[in-house]
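Q: Need coordinates for the below:
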Amino acid sequence: MPDGRQTEVQAPGRGRGRTGRPRLTEQRKAEIRLEIARAAVELFVAQGVAATTGEQIGQAVGVSSRTVWRYFPSKESCVSPLFAAGIDKIAACLREWGHGRPLEEALAPALDIGGRVGGPGIPELRELVRLTRTEPGLRAAWLQAHDEAEPAFARALAARAGLPADDVRPVIQAAMLNAVLRAAAERDAWGGPAEVGAGLAESFRSALAVAEAGLS
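A: Below is the predicted model of the structure:
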């Protein structure tokens, strides 16, 4: 985690911004976005979305609120990098999914059914998805993530099967998988109390078992 110093994105120049400090690399910018996303989730879960400010999110990772708004148009959109990271991991697993291998096993590195899910831990993910039911801004970010996931999954499934990117089969398969993952996460998060981690893991297992026949 940052040491509390304020981090700013520097203006263009010959390797340095107006302050004389080196400009941030694209990799570092991505890291800061992810740090902001994780801090936002923790604050939303701990104190609610309405009570959370951009300044609080920035303070949690040692950046200014100005930097937070430079990266994100709203506090709710701060969670988007976590969703994007999950999409990328699932797509990578789909490309490497060997024929005859169980779907649950293939996606285990991305969903990490035994522990963590691509960014926050399972308890944080469960609480974040729970908040999407009542928070319109988070709901929009959640649905936008699934809109972006579908073509990414379709490209991965097409590559796996050696099919053209515009073939209808991987497109339909991707839509089904996308719906399955969303339904599993929402069913668990919007249901009653569950054992920490176990409820979401079991929801993914059950949903993937239903989907596997149509994807194999």
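
Q: going forward, measure contacts between C-alpha atoms and count neighbours the same way
A: Noted.

Q: Could you work out the end-to-end span of stretch 156-171 for me?
A: 10 Å (CA to CA, to the nearest Å).

Q: got the buried residues for it?
A: 156-160, 165, 169-171 (16 or more other CA atoms under 10 Å).

Q: ok, now stretch 82-90?
A: In stretch 82-90, counting by 16+ other CA under 10 Å, buried: 82-84, 86-90.

Q: Widest-spaced pair of those residues?
A: Maximum pairwise distance among the buried residues of stretch 82-90 (CA to CA): 12.6 Å, between 82 and 90.

Q: re the thing from before, I'd like the buried residues of stretch 82-90 written out as JSON lines, with secondary structure, distance to residue 189 and pLDDT added.
A: Below are the buried residues of stretch 82-90 laid out as JSON lines (DSSP: H, G, I helix; E, B strand; the rest coil; distance: CA to CA, whole Å; pLDDT from 0 to 100):
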{"residue": "82", "secondary structure": "helix", "distance to residue 189": "17", "pLDDT": "88"}
{"residue": "83", "secondary structure": "helix", "distance to residue 189": "16", "pLDDT": "88"}
{"residue": "84", "secondary structure": "helix", "distance to residue 189": "19", "pLDDT": "89"}
{"residue": "86", "secondary structure": "helix", "distance to residue 189": "17", "pLDDT": "86"}
{"residue": "87", "secondary structure": "helix", "distance to residue 189": "19", "pLDDT": "90"}
{"residue": "88", "secondary structure": "helix", "distance to residue 189": "22", "pLDDT": "91"}
{"residue": "89", "secondary structure": "helix", "distance to residue 189": "21", "pLDDT": "90"}
{"residue": "90", "secondary structure": "helix", "distance to residue 189": "20", "pLDDT": "92"}
